[in-house]
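**Student:** have a look at this prediction, sequence included:
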Amino acid sequence: MTNTAATAEEEAVVAPPAPQMKQQQQQEQQQQQEQQKQQQQQQEQQEQAKQEQQQQQNQQQQQQQPKQEQQKQEQQKQEQQQEQQQKQEEESNEKESKEDSEADEEENIEKLSSP
């Protein structure tokens, strides 16, 4: 008699009452499901972020190419302008020195011709 009573008590200690166990299992399942959901969401977000990044890079490349072309053209323009300026400066310098030397010559002639 005492034997059976003891085993019943032991069982009671070892196994918690059924409703509580059920509840615990349900909670654990819910937690697992939540975690899985969160992981899935994270993966989806990462995928989306990757795609967005790729799109941005593509857009940047598309925008940069014409920009680079434009910059090249601008640079060429500037170089041409600089060349023209140099030419003009050189020409005007030549002109000035020519005029100067002509004036010098005239002065010399005047000096020579004056008594």
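**Tutor:** Right, received. Where do you want to start? Residues are numbered from 1 along each chain as shown.
**Student:** where do the helices sit along the chain?
**Tutor:** In the chain, helices defined by DSSP state H lie at 2-14, 18-113, listed in chain order.
**Student:** just send the ones you listed back as TSV, with mean neighbour count and mean pLDDT too.
**Tutor:** C-beta: built from backbone N, CA, C; applies to glycine. Putting the helices of the chain into TSV (neighbours: other Cβ atoms under 10 Å; pLDDT from 0 to 100) gives the following:
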stretch	mean neighbour count	mean pLDDT
helix 2-14	9	59
helix 18-113	10	87
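**Student:** quick one: Gln80 from Lys87, how far?
**Tutor:** Going from Gln80 to Lys87 by Cβ to Cβ, to the nearest Å gives 11 Å.
**Student:** go on, Gln32?
**Tutor:** Distance of Gln32 to Lys87, computed by Cβ to Cβ: 81 Å.
**Student:** what residue of this structure is the furthest out?
**Tutor:** The C-alpha centroid of the chain is most remote from Pro115, which lies 83.0 Å away (Cα atoms, centre = their mean).
**Student:** that one and Gln64: what is the separation?
**Tutor:** Per Cβ to Cβ, Pro115 is found 78 Å from Gln64.
**Student:** same deal with Gln71?
**Tutor:** Computed as Cβ to Cβ, the Gln71 to Gln64 distance reads 10 Å.
**Student:** next: Lys72.
**Tutor:** Distance of Lys72 to Gln64, given as Cβ to Cβ: 12 Å.
**Student:** then Gln29?
**Tutor:** Remark: distance between Gln29 and Gln64 (Cβ to Cβ) = 52 Å.
**Student:** likewise for Glu99?
**Tutor:** Here Glu99 is placed at a distance of 51 Å from Gln64 (Cβ to Cβ).
**Student:** having no further points to raise, I will conclude here.
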